[in-house]
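1. just a sequence and a predicted model for now, questions to come.
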Amino acid sequence: MKKSKIQFKIAPANENEANDWPSFTRLCHSKGYWLTHIQNELFRVVSSYMENNKLTPKQFALKTGKNERYIKNILNGYFDGNISDFLIVSLACGKVPKIEFEDFKTVIERREQESKNQ
C-alpha cells in the first residue's frame, strides 16, 4: 500500500485560504489536537530528562521497566498508551502530570484573548 504525503501548513497564505483554515474552535473539539498536545509534552519532558541525565533510550527504558522501542516511540513523538504507562514515564522523569478539565468555552475564550494581546 502506497503511503500518501501529508503537508502541514503553519498559517494560511492568503485571505481566501484563511476561510478554509481550521478554526481553533474546531481543533479544540478534536481528539487529535489534544493527543498531539500530550505527546509533545511527554516528548519534551522525557527528552529533557534524558539529556540532563545523559541517558540513552535503553538506559531510560531500564529505569522505567518499559522496552527500548516504547521509549524510542515517545522520542519520535508517538505516545498513545494508557494512563498507567503515562504515569510510569512521567514519574521516572521526576514529574507529576497535572490533569485539569475545562469547559470548551473557557479554553476558546482564553485563546481568543491571547490572540488579541499579541
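-> Yep, that arrived.

2. got a list of what residue 40 touches?
-> residue 77 (Cβ atoms under 8 Å, 6 or more residues apart in numbering). All C-beta atoms are positioned from the backbone trio N, CA, C, and that covers glycine.

3. distance of it from residue 74?
-> Residue 40 sits 11 Å away from residue 74, taking Cβ to Cβ, to the nearest Å as the criterion.

4. output the longest helix belonging to the protein.
-> Secondary structure of the chain per DSSP state H: the longest helix is helix 31-52.

5. next, the buried residues of it.
-> Applying a neighbour-count criterion of 16 or more other Cβ atoms under 10 Å, one finds 39, 42-43, 45-46, 49-50 buried in helix 31-52.

6. out of the residues you listed, which comes closest to residue 32?
-> For those, the closest approach to residue 32 (Cβ to Cβ) belongs to residue 39, at 10.2 Å.

7. for this protein, what helix or strand is lowest in average pLDDT?
-> helix 15-20 (a mean of 49; mean pLDDT, DSSP states H and E).

8. sec struct for residue 100, please.
-> Classification of residue 100 by DSSP: H, G, I helix; E, B strand; the rest coil places it in coil.

9. now it: phi and psi?
-> Main-chain torsions, residue 100, degrees, to the nearest 10: phi -130, psi 150.

10. please apply the same query to residue 53.
-> In terms of degrees, to the nearest 10, the main-chain angles of residue 53 are phi -100, psi 10.

11. OK, contacts around it?
-> So residue 53 contacts nothing (Cβ under 8 Å, 6+ apart).

12. now do it against residue 118, distance only.
-> Residue 53 is 36 Å from residue 118, where distance means Cβ to Cβ.

13. correct me if wrong: residue 28 contacts residue 104.
-> Yes: in this structure, residue 28 is within contact of residue 104 by Cβ atoms under 8 Å, at 5.8 Å.
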